[in-house]
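>>> need coordinates for the following:
(chains A and B)
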Amino acid sequence: AQSVTQLGSHVSVSEGALVLLRCNYSSSVPPYLFWYVQYPNQGLQLLLKYTSAATLVKGINGFEAEFKKSETSFHLTKPSAHMSDAAEYFCAVSPPYGNNRLAFGKGNQVVVIP
Amino acid sequence: DVKVTQSSRYLVKRTGEKVFLECVQDMDHENMFWYRQDPGLGLRLIYFSYDVKMKEKGDIPEGYSVSREKKERFSLILESASTNQTSMYLCASGAGTGPTGEQFFGPGTRLTVL
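Numbering: from 1, shown residues only, chains lettered A, B, ... in the order given. From the prediction side, this is the model:
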């Protein structure tokens, strides 16, 4: 079974500073990995995904994530935080087969400080 | 663009009422999912369906049932609503394993049970 760990439910970052959200996964097979973002009162929107191609994945809004098999990690970064990045971020994992059922982490609520 | 719509954004019901939450997707996806989202717990899978009239229990199916009579529509039913079912409910659809494996989310229904 797949699972995801996201530490730190709330993350504060200053405007212009690096955003780093950590995601570690557990999977018995090479996984697919995803980062989703949820803005207030909205559903989840895909930021980026890893599906066994390039290990460094670029997504929307300047975010990127790197798949590191040796560390079982898929951390999300953005070089310079913007006020509009305030949202909740979820990491998710699925096997590359079956019915694309996802296992989600508990999420990181990002607060951007002016 | 994939569109997943949910019948209501906000819903207030009384304890013991039967509640129907409707979800419709327009991309001919095989798989559909119902989650509930609670602060600090992330997204938890209630039920999912990988074909018409097919359903499988997720991680927290107790107190819920589902119906999928047509491919584009997936309904979540609370047989007798209780206050501990007050939550945000998110519907998602996905195209099966394919090259993406991702899920597409609706805007959510915030249900309050009094």
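
>>> what's the closest non-adjacent residue to A:Thr51?
A:Tyr32 (5.1 Å; C-beta to C-beta, 6 or more residues apart in numbering or on different chains). From N, CA and C alone the C-beta is placed, and that goes for glycine too.

>>> show me the beta-bridge partners of the one you found.
A:Ser94 (DSSP bridges).

>>> quick check: beta-bridge partners of the residue nearest to the spatial centre of chain B?
By C-alpha atoms, centre = their mean, chain B has its centre lying nearest to B:Trp34, at 2.7 Å. Counting by DSSP bridges, B:Trp34 forms beta bridges with B:Tyr47, B:Cys91.

>>> my guess is it meets B:Phe20, correct?
No: the criterion here is C-beta atoms under 8 Å, and B:Trp34 misses it with B:Phe20 at 12.0 Å.

>>> any common contacting residues for these two?
Counting by C-beta atoms under 8 Å, 6 or more residues apart in numbering or on different chains, the residues touching both B:Trp34 and B:Phe20 are B:Leu76.

>>> does A:Phe34 count as helix, strand or coil?
strand (DSSP: H, G, I helix; E, B strand; the rest coil).

>>> likewise A:Pro30?
coil.

>>> that one touches A:Ser52, doesn't it?
Yes: if you go by C-beta under 8 Å, A:Pro30 and A:Ser52 touch, sitting 6.1 Å apart.

>>> so where is chain A shaky, pLDDT-wise?
A:98-99 (pLDDT under 70).

>>> show me which residues of it sit near chain B.
A:9, A:32, A:34, A:36, A:41-46, A:49, A:51, A:90, A:94, A:96-102, A:104-107 (C-beta under 8 Å from any C-beta of the partner chain).

>>> what number of residues lie near B:Thr86?
Residues near B:Thr86, counting by other C-beta atoms under 10 Å in any protein chain shown, number 16.

>>> and B:Lys53, by the same measure?
9.

>>> before we move on, what about B:Met88?
Neighbours of B:Met88 using other C-beta under 10 Å come to 17.

>>> how far away is A:Pro96 from A:Pro30?
From A:Pro96 across to A:Pro30, the span is 6 Å (C-beta to C-beta, to the nearest Å).

>>> what residues does chain B put near chain A?
Contact residues, chain B versus chain A (C-beta under 8 Å from any C-beta): B:4, B:30-31, B:33, B:40-43, B:45, B:48, B:50, B:90, B:92, B:94-97, B:99-108.

>>> which residue packs closest to residue 58, ignoring adjacent ones?
Reading this off chain A. In space, A:Lys58 is closest to A:Glu64, 4.8 Å off (C-beta to C-beta, 6+ apart).

>>> oops, chain B please
Spatially, and ignoring its direct neighbours in sequence, B:Gly58 is nearest to B:Leu45 (3.1 Å; C-beta to C-beta, 6+ apart).

>>> surely that neighbour meets B:Ile60?
Yes: using C-beta under 8 Å, B:Leu45 makes contact with B:Ile60 at a distance of 7.3 Å.

>>> measure how buried residue 50 is and give me the count.
No chain was given, so I picked chain A. The burial count for A:Tyr50: 20, using other C-beta under 10 Å.

>>> let's do chain B instead
19.
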